[in-house]
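[1] only geometry, no sequence info:
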DNA sequence: TTATCCGGCGTTTTT
DNA sequence: CGCCGGATAA
């Protein structure tokens, strides 16, 4: 392995001595490369790969890093334990569930299941009734989750976020308690439980803490600015036996405040460790100077932070462009034409990306891309594994693995005509609590759904022996489920082929349990690429959140208008607007060379506040015409023509309407 | 208890 | 607008 390709600061981080180390790494400064080299270096120094824990923000990031380490030091690097906090927590909790009074075979619920359970508890406790409006189930879960992730009381969360329910703190608390009891009784955890319970384990159980932290002789955490209090606590406790904790991050790129992430974690980190080493990476290898000039200007418009300057190693390039368009249609037109023009100029579509604030911002563009036969893959927004029919199939698999999974029964029983919520819950609870957890269809003789239940019971019996064969099991389940789909969904045909992805995922697992754990935490990749046969020049569409850590030669940024980006829900909130600025910073710094920002005059506003034309994020830089070039899109003339009389004529007539 | 209808409220970003 | 949930009818 060669350290020659590293600069001085990077080398200092890579070869750092034991102890705590904070690496402040601006966008594009070789953060990933530094982490990769650090892991490789540790292995070279004789640290066993299995004693290195690399906590990353996404599974994608973990895989990429391990691939690169493996390329440097060989396949033994695969033994490095890596993944998200949630995935790591899952593994640790499986081993120590007993210690915490949980069954080791617990399962993990996704957001929707968790909401449903909260909904059931809510109606049981009678908060659904009464003339006073009460929060809906999703809101209740959100409040509970925020309270956990930010270490705030329910009352504080309500006052901050949902003042309209400020008087109902007792109700939220009561639901929260009953919800927690039920989760433990059913052996299911939600996402928050994974973190809470791991933190509890490490904090309150010295034996477990000693064991876990001595297994992990070096703990490395990526994207530390996006951790919340619980995650920071876990990282610190996990390294308590040896103190070898390296965290890497950039406070300017903190964009997960909505889920409890706190920049304070990274800013206050040095206070925790008197002997801490701090390294700053400031040379940017990714972007041209004009891109960075804009990024710096964006950051200057933020109230707080270090206002650091990024320096380009790459040198000059074209100015970023702000393109004024009339509306979303005009925007889609402009972006498509620009993508094609760049392709003609030698930038393949695969080296371009379209980024946006919210997943739905790209809907219109997606239809245009299909028309133009530009292949694309979209990241962010609704996940494949969240589609109702995928969850249906997985619920069946869960029943094979664990017939006491009450939420899975609830879901499956809901498919049958004449069988509603009450009955489904009753049957589910009965089975869950029975000595022998099987579906006794016979007792429903005479009911409309008797035959269907009988069929289900038989199928489950026939699948039971397949527990050890994930692929056969999943295939068998899917085959049966396919037959039922038309009676569940009007658009069953469209959904059918999605199911093919499941056996492919199952192939990678030795047991059903491992398969199910993985799909609960890691998003399932869609098996069908959104592209015509044989074409691998694929455009990336991504939310800004999902674009983190990635880069493209050309970046197109959509919907720069109040109510679009920045989001309508941030406009009247200073700290939320700060996060929007950091989001813009992240988006801008994804570009290596070409950066195009489209600013529609009219957006469909769906927000609570009145939204006018213009984009407050761009206001601070609007007058800086040495930083950006301003263009107007003219649909008839092409993407980058100067403003035409015709355009203004149409604008005026639009306004009059 | 279930299916259906209708009114009103919230609408983002992810594990 | 979509979807949640309350109200009503079968």
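    Cool, got the structure. Treat the numbers as computed from the prediction; the structure is a model and nothing was measured.
[2] Outline the domain layout of chain A.
    Using automatic domain parsing, the domains assigned to chain A come out as A:8-92+A:198-281, A:107-186, A:289-383+A:533-656, A:385-521.
[3] for those, which one sits closest to DNA strand B?
    For the domains of chain A, the distance to DNA strand B is smallest for domain A:385-521, at 2.2 Å, taking Cβ to the nearest atom of the strand. (Each C-beta comes from the backbone N, C-alpha and C, glycine too.)
[4] Just give me the longest strand of chain A.
    For chain A, the strand with the greatest residue count under DSSP state E is strand A:591-600.
[5] just to revisit the earlier point, I'd like the domains of chain A written out as TSV, with mean neighbour count, mean pLDDT and distance to DNA strand C added.
    Formatted as TSV, the domains of chain A follow (neighbours: other Cβ atoms under 10 Å; pLDDT from 0 to 100; distance: least, Cβ to the nearest atom of the strand, whole Å):
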stretch	mean neighbour count	mean pLDDT	distance to DNA strand C
domain A:8-92+A:198-281	20	92	19
domain A:107-186	17	87	3
domain A:289-383+A:533-656	18	84	7
domain A:385-521	17	89	10
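[6] moving C-terminal of the longest strand of chain A, what's the next helix or strand?
    Sequence-wise, the next helix or strand downstream of strand A:591-600 (DSSP states H and E) is helix A:619-622.
[7] re the thing from before, export the domains of chain A as a markdown table, with columns for distance to residue A:101.
    Output for the domains of chain A, formatted as a markdown table (distance: least, Cβ to Cβ, whole Å):
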| stretch | distance to residue A:101 |
| --- | --- |
| domain A:8-92+A:198-281 | 11 |
| domain A:107-186 | 7 |
| domain A:289-383+A:533-656 | 32 |
| domain A:385-521 | 17 |
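[8] Can I get the ones you listed in JSON lines including distance to DNA strand B?
    Shown next, in JSON lines, are those (distance: least, Cβ to the nearest atom of the strand, whole Å):
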{"stretch": "domain A:8-92+A:198-281", "distance to DNA strand B": "3"}
{"stretch": "domain A:107-186", "distance to DNA strand B": "5"}
{"stretch": "domain A:289-383+A:533-656", "distance to DNA strand B": "3"}
{"stretch": "domain A:385-521", "distance to DNA strand B": "2"}
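[9] Could I get the full set of strands for the stretch 251-400 of chain A?
    A:277-281, A:283-284, A:311-312, A:321-325, A:352-356, A:376-379 (DSSP state E, counting those that start in this stretch).
[10] got JSON lines for those, with distance to residue A:230 too?
    Below are the strands of the stretch 251-400 of chain A laid out as JSON lines (distance: least, Cβ to Cβ, whole Å):
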{"stretch": "strand A:277-281", "distance to residue A:230": "24"}
{"stretch": "strand A:283-284", "distance to residue A:230": "32"}
{"stretch": "strand A:311-312", "distance to residue A:230": "35"}
{"stretch": "strand A:321-325", "distance to residue A:230": "40"}
{"stretch": "strand A:352-356", "distance to residue A:230": "29"}
{"stretch": "strand A:376-379", "distance to residue A:230": "26"}
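[11] What distance separates the opening and closing residues of stretch A:357-377?
    17 Å (Cα to Cα, to the nearest Å).
[12] How about residues contacting stretch A:99-106?
    A:93-95, A:97-98, A:184, A:187-189, A:197, A:200-201, A:205, A:207-208, A:402, A:513 (Cβ atoms under 8 Å, 6 or more residues apart in numbering).
[13] let's go with 6 Å and repeat that
    With contact meaning Cβ atoms under 6 Å, 6 or more residues apart in numbering, stretch A:99-106 is reached by A:94, A:97, A:187, A:189, A:197, A:205, A:208.
[14] For that stretch, buried residues please.
    A:100, A:102, A:106 (16 or more other Cβ atoms under 10 Å).
[15] pLDDT check: weakest of these?
    Within the set of these, pLDDT is lowest for residue A:106 (89).
[16] Now do that residue against residue A:193, distance only.
    9 Å (Cβ to Cβ, to the nearest Å).
[17] and if you look at residue A:284?
    40 Å.
[18] same check, this time on residue A:519
    Taking Cβ to Cβ, one finds residue A:519 at 18 Å from residue A:193.
[19] Mind checking what secondary structure the residue nearest to residue A:269 when sequence neighbours are not counted has?
    Leaving aside its chain neighbours, residue A:269 sits nearest to residue A:22 (5.4 Å; criterion: Cβ to Cβ, 6 or more residues apart in numbering). Following DSSP: H, G, I helix; E, B strand; the rest coil, we place residue A:22 in the strand state.
[20] now residue A:22, which residues is it bridged with?
    When assigned by DSSP bridges, residue A:22 has beta-bridge partners residue A:247, residue A:278.
[21] Could you pull up the residues touching it?
    A:247, A:269, A:276, A:278.
[22] now residue A:328
    A:364, A:600.
[23] Quick check: the gap between it and residue A:201.
    49 Å.
[24] Spell out, range by range, the strands that occur in the stretch 51-200 of chain A.
    A:52-55, A:81-83, A:107-108, A:188-189.
[25] Just give me how far the second one sits from the chain centre.
    Pointing back at strand A:81-83 there. 17 Å (Cα atoms, centre = their mean, to the nearest Å).
[26] Could you do the first one as well?
    Centroid separation between strand A:52-55 and its chain, computed with Cα atoms, centre = their mean, is 19 Å.
[27] Kindly provide the distance from residue A:65 to residue A:83.
    11 Å.
[28] likewise residue A:602?
    43 Å.
[29] Enumerate every residue touching the residue nearest to residue A:138 when sequence neighbours are not counted.
    Computed as Cβ to Cβ, 6+ apart, the closest residue to residue A:138 that is not its neighbour in sequence is residue A:115, at 5.3 Å. Contacts for residue A:115 (Cβ under 6 Å, 6+ apart) come out as A:137, A:138, A:141.
[30] Quick check: the last one touching residue A:120?
    If I follow you right, that is residue A:141. No: look at residue A:141 against residue A:120 with Cβ atoms under 6 Å: they stay out of range, at 11.9 Å.
[31] Identify the residues contacting the residue in chain A sticking out farthest from the centre.
    No residue in chain A sits farther from the centre than residue A:446, which is 46.9 Å out by Cα atoms, centre = their mean. Residue A:446 is in contact with no residue at all, counting by Cβ under 6 Å, 6+ apart.
[32] can you put the buried residues of stretch A:99-106 in TSV and add distance to residue A:395?
    Shown next, in TSV, are the buried residues of stretch A:99-106 (distance: Cβ to Cβ, whole Å):
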residue	distance to residue A:395
A:100	26
A:102	22
A:106	16
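[33] out of those, which are inside helices?
    Among these, no member falls in helices (DSSP state H).
[34] just the residues you listed now: which is nearest DNA strand B?
    Checking these one by one against DNA strand B (Cβ to the nearest atom of the strand), the nearest turns out to be residue A:106, at 16.3 Å.
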